[in-house]
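> got a structure for you, letters missing:
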């Protein structure tokens, strides 16, 4: 998987594991889902470098209250947004994941 390092965090550049529920996706040891804050910051500053012009992937749920739900990040050539109400059993052919990890 192609990655880029920004502020000592390694981010995947491509979305993968399409058409799976979040429960079906195994997050490798040491890696994690992107946060909502990272999606916003990275879209605003590194859209082209991270291939964020047209993407749709699961992110870490930003609200503790909704721990059993999942969130998703969506971006295309016109806009970007976060959704926070999909069930963990939700799947879509275009929805995947991107992982990142803190570097020491």
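Okay, I see it. This structure is a prediction, so every number in the text was calculated from the model and none was measured.
> which parts of this structure are helices?
Counting by DSSP state H, the chain has helices at residues 36-46.
> okay, which residue is most central for it?
residue 59 (4.1 Å; CA atoms, centre = their mean).
> just to check, that one is in contact with residue 34?
Yes - using CB atoms under 8 Å, residue 59 is in contact with residue 34, at 5.1 Å. No exception for glycine: its C-beta is placed from N, CA and C like everyone else's.
> okay, strands next: where are they in the protein?
3-6, 9-12, 32-33, 55-59, 70-75, 80-86, 96-97, 99-102 (DSSP state E).
> nearest to residue 25, of those strands?
Of all the strands of the chain, strand 96-97 sits nearest to residue 25, with 5.5 Å by CB to CB.
> now for that closest one, which elements pack on it?
Packing contacts for strand 96-97, counted by 3 or more CB pairs under 8 Å, 6 or more residues apart in numbering; DSSP states H and E, involve strand 55-59.
> next one: residue 103 from residue 7, what distance?
Distance, residue 103 to residue 7, using CB to CB, to the nearest Å: 10 Å.
> on that earlier part again, tell me the predicted confidence for the residue nearest to the centre of the chain.
Reported pLDDT at residue 59 in the predicted model: 78.
> beta partners of it?
Taking DSSP bridges as the rule, residue 59 bridges to residue 71.
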